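J.: Need coordinates for the following:
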Amino acid sequence: MIFESRPNVSVDAFSLAFKTGNAIILRGGKDAIFSNTALVNCMRQTLQDTGHNPDIVQLVEDTSHVVAEELMQATDYVDVLIPRGGAKLIQTVKEKSKIPVIETGVGNVHIYIDEFADLDMAAKIVINAKTQRPSVCNAAEGLVVHQAIAKGFLSQLEKMLKESNQSVEFRADEEALQLLENAVAASETDYATEFLDYIMSVKVVDSFEQAISWINKYSSHHSEAIITNNISRAEIFQDMVDAAAVYVNASTRFTDGFVFGLGAEIGISTQKLHARGPMGLEALTSTKYYINGTGQVRE
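T.: Numbering: from 1, shown residues only. Predicted structure coming up:
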């Protein structure tokens, strides 16, 4: 597993690997190497003290890119590689690894405010999804608003942000730019960016169909949401939007292994093979068939 800053990933990954009978190689970032070293030393000592082979968990202590790329080529020793981190890390692993990769993590997450939405509820959901913990992959990064309610909704959203002492910089398209106070003009890059900050892109659309098309164009296939009281539209949105988790009238912040009842997760897969969404114990297992006979032959 190749990951970046968070040393808690070492503990989660090892726990899941141990429970599912897997050995694991951990390669964290240089900014957490001392924490990772201490944690892995503790794991290895505990394994030894309890009669297990401590070598089932290994830490790559050299945090250079050269060594990381060597790990990506180790096809004789590693069955699957799971990267956890930002878009740049995941893209590098996808491009350079000769080992099968499970893509996880990048969350260019959108919330679409439909013309049939409860605007007060919609604003509360957007504020939660953007500001409760903006540095995680299930935080909202893009806001898509139906033109019919754009003026009223965006005004209400900014008002509620002020009342909650929250500040978000909006990167807005031409129409939204005229309706927002705290906004700058969006670039094409902004619509595809996972900001991990108090920044959000805003797009005003003319139709429900355009909203789906826009989201599918820029989505990282992590989590997407629609706010609407129109049941038919909610169902169509969930069917047509290509993401691991698709929400109706709820914050995207719930995409998480613990929340979904899976326990600890090793990552949130944004691909379709072999796992998708939060990856718990089951995602780290494979199928093996035991066939016991008494002389049967196939004719």
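J.: Glu115 and Val144 touch, don't they?
T.: No - Glu115 lies out of contact with Val144 (Cβ atoms under 8 Å); the separation is 11.9 Å. Where you see a C-beta, it was placed from the backbone N, CA and C, and this is true even at glycine.
J.: Remind me what the helix of greatest length in the chain packs against, helices and strands.
T.: In the chain, with assignment by DSSP state H, the single longest helix is helix 33-49. Applying 3 or more Cβ pairs under 8 Å, 6 or more residues apart in numbering; DSSP states H and E, we find helix 33-49 packed against helix 8-19, strand 57-59.
J.: Save the ones you listed as a markdown table, and put in mean neighbour count too.
T.: As requested, these are arranged in a markdown table below (neighbours: other Cβ atoms under 10 Å):
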| stretch | mean neighbour count |
| --- | --- |
| helix 8-19 | 19 |
| strand 57-59 | 19 |
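J.: for these, which one sits closest to Asn216?
T.: helix 8-19 (29.7 Å; Cβ to Cβ).
J.: Helices of this protein, residue ranges please.
T.: Going by DSSP H, the chain shows helices at 8-19, 33-49, 65-72, 87-96, 119-131, 150-163, 174-177, 208-218, 231-240.
J.: And those: which comes nearest Gln271?
T.: Among the helices of the chain, the nearest to Gln271 by Cβ to Cβ is helix 87-96 (9.8 Å).
J.: What residues sit buried inside the closest one?
T.: Ala87, Leu89, Ile90, Thr92, Val93 (16 or more other Cβ atoms under 10 Å).
J.: So what's the predicted local confidence for the fourth one?
T.: In other words, Thr92. According to the prediction, Thr92 has pLDDT 93.
J.: what's near enough to touch the closest residue in space to Leu81 that isn't next to it in sequence?
T.: Nearest non-adjacent residue to Leu81, counting by Cβ to Cβ, 6 or more residues apart in numbering: Ile99, 4.5 Å away. Applying Cβ atoms under 8 Å, 6 or more residues apart in numbering to Ile99 gives the contacts Met72, Gln73, Ala74, Thr75, Val78, Asp79, Val80, Leu81.
J.: now Met160
T.: Ala123, Lys124, Ile127.
J.: Distance check, it against Val297.
T.: 73 Å (Cβ to Cβ, to the nearest Å).
J.: if we can go back for a sec, among the contacts of Met160, which one sits closest to Val9?
T.: Closest to Val9, out of all of the contacts of Met160 and judged by Cβ to Cβ, is Ile127, at 28.0 Å.
J.: From Phe3, how far out is His65?
T.: 14 Å.
J.: more neighbours, the two?
T.: Phe3 (26 against 9; other Cβ atoms under 10 Å).
J.: Any figure for the gap between the more buried one and Ser10?
T.: 8 Å.
J.: Find residues that contact each of those two.
T.: Joint contacts of Phe3 and Ser10 (Cβ under 8 Å, 6+ apart) are Leu26, Gly28.
J.: Any idea how many residues pack against Ile266?
T.: 28.
J.: Do you know the pLDDT at it?
T.: For Ile266, the model assigns a pLDDT of 92.
J.: Was I right to think Asp79 contacts Pro100?
T.: Yes - Asp79 is within contact range of Pro100, at 7.3 Å (criterion: Cβ under 8 Å).
J.: got the domain boundaries for the chain?
T.: The domain map for the chain lists 2-101, 109-254, with the assignment taken from automatic domain parsing.
J.: would you turn these into a markdown table with distance to Thr285?
T.: Shown next, in a markdown table, are the domains of the chain (distance: least, Cβ to Cβ, whole Å):
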| stretch | distance to Thr285 |
| --- | --- |
| domain 2-101 | 5 |
| domain 109-254 | 19 |
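J.: I am finished for the moment; much appreciated.
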